[in-house]
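Here is a sequence with its predicted model. Questions after.
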Number of protein chains: 2
Amino acid sequence: MDRLHRNERISVLQRILCESPGRIFTLGYFTEMFNCAKSSVSEDIDIIRSSLEKTGAGTIETIPGASGGVRYVPRMSRDVVLKLAERLSAELSGKERILPGGYLYMLDAIYDPGTVSEVGRVFAGYFHDRPVDYVITVETKGIPLAFMTAAYLSKPLVIARRNIEATDGASVNINYVSGSSERIQTMVLPMRSLKRGSWLLFIDDFMKGGGTAKGILELAREFDCRVAGAGVLIETYMPDRDLPVDCFSLLTLYGVDGAAGMTDIKPSPRLLAEGR
Amino acid sequence: MDRLHRNERISVLQRILCESPGRIFTLGYFTEMFNCAKSSVSEDIDIIRSSLEKTGAGTIETIPGASGGVRYVPRMSRDVVLKLAERLSAELSGKERILPGGYLYMLDAIYDPGTVSEVGRVFAGYFHDRPVDYVITVETKGIPLAFMTAAYLSKPLVIARRNIEATDGASVNINYVSGSSERIQTMVLPMRSLKRGSWLLFIDDFMKGGGTAKGILELAREFDCRVAGAGVLIETYMPDRDLPVDCFSLLTLYGVDGAAGMTDIKPSPRLLAEGR
């Protein structure tokens, strides 16, 4: 590569760090790429850290030791998270979203790259200091959110499916009671998906009774894994939901009144209180 | 925000452009954010464009006119795409991946954020000058790839499902013959998912007979939409597959010999020839 000026180096560094958030890069990786001194790269990193912190977008962490280096930790300030939750509350309360049966049409939001990226960033920021080896979800609607969370944490994604696939090899399947439909459902995960003894982070678009989350807890046990937490975009208001894992939701749905065309959806109480 | 130095501005600009590839930002958006002159932002953008082009990572396009601005167009140079295809060929040829029935275990690769991001970038670069209003896939395995392609193109994702969901409203379903299993399968898409008259880009992890792609073509017709192209990570070698749409694959699978523990998988012929 041609020798780059500091301005250009910062641009390249910022791009590489952004495109692999959470991944640790050694300084040597960059000195070799740029053919320049370690001290120059260190100064570049300091400038990037400063710009991230001034704009509330996260920070650059330095990991000491032999396998150390630097990594981009995306975060969002309390204000930005709250604004996002308020914008989504308004967007999802639209009258035209109410479907027969009091369901909300949200596919456009939960598959939209811009929205998914922002929400994934919130989840990754919230769970950033937990032990997470894998991000897990159940097909289908939560996959984009789970994927972006995995991307921001730089961890692999695993997807539990509804049916056994011949093309995935031996698998473990469990049955669980879905909270929303009160039906027995099945969840399948290939044996090879998880290393024993890992920590999982469960991500989904929606939580009602918490049946799916309990299914994930049971599936985790079968793999000798533990669940470090759960992140959902929307939970229905249910103070006595008894979930033996910390669940973070961005929005809380208090009710849908189909006849009146009204949806009561707000930033989650914990978000308003804690401001994480 | 505090007034930033040029170096910090470049870092912030590069991050914002990277985190929303394909999205058009007006210069005014940035001059307001930074509280500085248009000419300064223009010079910053020039530096970022230069660093992107020198590192073969894409470019910054300037869109003229009232709704114009700048956008980051991620690309990969021919070398980088070929190296990625070679690395993935080697990775997926591992003996331990061969499952009973001659299937390949690939879930770890197609759900890995690093790999998915690189492949999505290749697809977005390849189809960048086609008319694309939506990226479409069929659940489940292609979803991460389709999502990242949509993210790099800054277009919404839509996911066709196997079964009707009560929570998605009225939907269109079609039947098609799956090329791999030669069974009749169903594909369902909610009515609200697509605007009539749109162009779709179909993305999937794997293509054998092309049945799923033909299903997508039929589904598109029901919505008065057209398919601008198809991008798959791996296609099986099949010279007489008759697909009425341009299909780009990164890798070609020539065969799996379960007894010998050998998988013959290579960068696709077109990639070797054209070098897109």
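On my side now, so go ahead. Numbering: from 1, shown residues only, chains lettered A, B, ... in the order given.

Now do the longest helix anywhere in chain A: everything it contacts.
The helix spanning the most residues in chain A, taking DSSP state H as the definition, is helix A:38-54. With contacts defined as C-beta atoms under 8 Å, 6 or more residues apart in numbering or on different chains, helix A:38-54 is touched by A:6, A:9-10, A:13-14, A:17, A:27-28, A:30-31, A:34, A:58-60, A:70, A:72, B:1-2, B:4-5, B:7-9, B:11-12, B:15. Using the backbone N, CA and C atoms, a C-beta is placed for each residue, glycine as well.

Next step: the residues you listed restricted to strands.
A:Gly58, A:Thr59, A:Ile60, A:Val70, A:Tyr72 (DSSP state E).

Can you pick out the most distant pair from these?
Put simply, by C-beta to C-beta the two of those set farthest apart are A:Gly58 and A:Val70, 12.4 Å from each other.

average model confidence for stretch A:174-184?
Within the predicted structure, the mean pLDDT of stretch A:174-184 is 80.

repeat for stretch A:93-103
pLDDT averaged over stretch A:93-103 gives 91.

near chain B at all, it?
Yes. Remark: stretch A:93-103 sits within contact range of chain B at A:Leu99, A:Pro100, A:Gly101, A:Tyr103, by C-beta under 8 Å from any C-beta of the partner chain.

Relative to A:Ala166, which of those residues is nearest.
Out of these, the member with the shortest distance to A:Ala166 (by C-beta to C-beta) is A:Tyr103, at 32.7 Å.

you'd agree A:Pro153 is up against A:Tyr134?
Careful, residue A:153 is Leu and not Pro. No. Counting by C-beta atoms under 8 Å, no contact exists between A:Leu153 and A:Tyr134, whose distance comes to 9.6 Å.

overlap in contacts of the two?
Shared between the contact lists of A:Leu153 and A:Tyr134 (criterion: C-beta under 8 Å, 6+ apart) are residues A:Leu201.

how would you label A:Ile164: helix, strand or coil?
The local conformation at A:Ile164, judged by DSSP: H, G, I helix; E, B strand; the rest coil, is coil.

what do you get for the one 10 residues further on?
Reducing the assignment to helix, strand or coil with three-state DSSP, the entry for A:Ile174 is strand.

Return the distance of the closest residue to A:His5 other than its chain neighbours relative to A:Ile45.
Taking C-beta to C-beta, 6 or more residues apart in numbering or on different chains, and ignoring the residues beside it in sequence, A:His5 has B:Ile47 as its nearest neighbour in space, at 7.9 Å. The span separating B:Ile47 from A:Ile45 equals 18 Å under the rule C-beta to C-beta, to the nearest Å.

between those two, who's got more neighbours?
A side-by-side neighbour count of B:Ile47 and A:Ile45, using other C-beta atoms under 10 Å in any protein chain shown, places B:Ile47 first with 23 against 20.

Provide a list of residue ranges in the stretch 51-200 of chain A with pLDDT below threshold.
Under the criterion of pLDDT under 70, the regions of the stretch 51-200 of chain A flagged as low confidence span A:179-181.

still on that earlier bit, take the ones in strands among the contacts of helix A:38-54 and write them to CSV, including distance to A:Ala160 and neighbour count.
As requested, these are arranged in CSV below (distance: C-beta to C-beta, whole Å; neighbours: other C-beta atoms under 10 Å in any protein chain shown):
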residue, distance to A:Ala160, neighbour count
A:Gly58, 30, 24
A:Thr59, 33, 15
A:Ile60, 34, 21
A:Val70, 34, 23
A:Tyr72, 29, 28
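
Near chain B, list only the ones from those residues.
Near chain B, by the rule C-beta under 8 Å from any C-beta, you find none of the ones in strands among the contacts of helix A:38-54.

picking up where we left off before, so which of the residues of stretch A:93-103 next to chain B is the closest to A:Pro269?
Nearest to A:Pro269 among the residues of stretch A:93-103 next to chain B: A:Tyr103, at 23.2 Å, using C-beta to C-beta.

Contacts only, for the residue lying closest to the closest one once chain neighbours are set aside.
Distances taken as C-beta to C-beta, 6+ apart put B:Thr167 closest to A:Tyr103, at 4.3 Å, once the chain neighbours are dropped. By C-beta under 8 Å, 6+ apart, B:Thr167 lies in contact with A:Leu99, A:Gly101, A:Tyr103, A:Leu104.

can you tell me which of the residues you listed are in strands?
Assigned to strands by DSSP E, the following of the contacts of B:Thr167 qualify: A:Leu99, A:Tyr103, A:Leu104.

and which of the residues you listed is nearest to A:Asp264?
Of all the ones in strands among the contacts of B:Thr167, the one sitting nearest A:Asp264 is A:Leu104; the distance, using C-beta to C-beta, is 11.2 Å.

tally of neighbours for the closest residue to the closest one other than its chain neighbours?
The shortest distance from A:Leu104 to any residue that is not its chain neighbour, by C-beta to C-beta, 6+ apart, is 5.1 Å, and that residue is A:Arg97. Other residues near A:Arg97 come to 20 when the count uses other C-beta under 10 Å.
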